[in-house]
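**Q** Pasting the sequence and the predicted model now:
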Amino acid sequence: MDGFVYKWINQINMRWYVGSHCGSPNDGYIASGKIIKQAIKKNGLNNFKRQILYQGQNYRQEEEKYLIEHDAANNPYSYNLKNTSIGGSVKGRTAWNKGKPGTFLGKTHNATTKQKMSSLKKQHFKTRRGTFYGKSHTEKTLKKLQGTHNILTEQQVKVIKQKLKKGGKWGYKSKLARKYNIHPNTLLDIDKNRTWSWV
């Protein structure tokens, strides 16, 4: 079966891609390489020019010969990831780091850098507290809030904790929440020491 070898040239930055296809140059085929497809999508097909380098039965061999001659995999102007005519993924190589291993691969941070990263992260989360951080409700607002749900005292929380520790029949937690006019989730938070842990 006949095929052809083609070369797409990006007219904006003069980068190129060489590939082959089993078929005719006029059958509408563009390319199958991941990076060339991304480049065409980004720049538009009208900014690319195609050259036919070979037509015939040995199109795969001719493509590979061209790729090896021009070392396409390492050429900074090439969109090709490999010097072979068979496509596929190349582990660790993408469009942004073509031909280069990961820059931090096999390395570790020293103690000073780790400490700096840790303190920056801690500082980041200190400043990202809620908008009410450092503020408190007025007496008027507290009274309004008491109307919807009760605000517990330390003594009440001690009693609740004792009753939770003691346990009871099925549904005793719901009755306890109703008795103190609190949401069942508040009761759960008290039970799990997520709130009022100091009591």
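**A** Looks like it arrived, so ask away. It should be emphasised that the depicted structure is a prediction, and the values quoted were computed from it without experimental measurement.
**Q** Check the offset of stretch 106-125 from the chain's centre.
**A** Between the centre of stretch 106-125 and the centre of its chain there are 21 Å (Cα atoms, centre = their mean, to the nearest Å).
**Q** quick check: mean pLDDT across that stretch?
**A** Averaged across stretch 106-125, the pLDDT comes to 83.
**Q** ditto for stretch 183-199
**A** Averaging pLDDT along stretch 183-199 yields 83.
**Q** Next: stretch 47-65.
**A** In this model, stretch 47-65 has a mean pLDDT of 92.
**Q** give me the number of residues near the nearest residue to H70 once chain neighbours are set aside?
**A** The shortest distance from H70 to any non-neighbouring residue, by Cβ to Cβ, 6 or more residues apart in numbering, is to S78 (7.1 Å). C-beta coordinates here come from the backbone N, C-alpha and C atoms, glycine included. Using other Cβ atoms under 10 Å, the number of residues around S78 comes to 21.
**Q** Return the residues in contact with S78.
**A** R15, W16, Y17, V18, H70, A72 (Cβ atoms under 8 Å, 6 or more residues apart in numbering).
**Q** Might you calculate how far the host helix or strand of the fourth one sits from the centre of the chain?
**A** Going back to what we said before, that points to V18. For V18, the host element (DSSP states H and E) is strand 16-22. The chain centre lies 32 Å from the centre of strand 16-22; the measure is Cα atoms, centre = their mean.
**Q** ok, residues contacting the strand or helix carrying Y6?
**A** Assigned by DSSP H and E, Y6 belongs to strand 3-10. By Cβ under 8 Å, 6+ apart, the residues outside strand 3-10 that reach it are 15-25, 31, 36, 39-40, 43, 47-57, 59-60, 62-63, 66, 79.
**Q** same thing but 6 Å
**A** Identification of contacts with strand 3-10 by Cβ atoms under 6 Å, 6 or more residues apart in numbering yields 16-22, 25, 48-55, 59, 62-63.
**Q** ok, back up a step: widest-spaced pair of the contacts of S78?
**A** R15 and H70 (12.5 Å; Cβ to Cβ).
**Q** Tell me how many other residues crowd L152.
**A** L152 is flanked by 19 other residues according to other Cβ under 10 Å.
**Q** check which helix or strand covers it.
**A** Assigned by DSSP H and E, L152 belongs to neither a helix nor a strand.
**Q** Over to the one 4 residues further on?
**A** Using DSSP H and E, Q156 sits in helix 154-166.
**Q** after that helix, next one along is what?
**A** Next helix or strand after helix 154-166 toward the C-terminus (DSSP H and E): helix 172-179.
**Q** quick check: angle from that following helix to helix 154-166?
**A** For helix 172-179 against helix 154-166, the angle by axes from the mean of the first three to the mean of the last three Cα atoms, to 10 degrees is 160 degrees.
**Q** buried stuff in helix 172-179?
**A** Judged by neighbour count using 16 or more other Cβ atoms under 10 Å, the buried positions of helix 172-179 are K173, L176, A177.
**Q** One more: stretch 15-29?
**A** So, applying 16+ other Cβ under 10 Å, buried residues of stretch 15-29: R15, W16, Y17, V18, G19, S20, H21.
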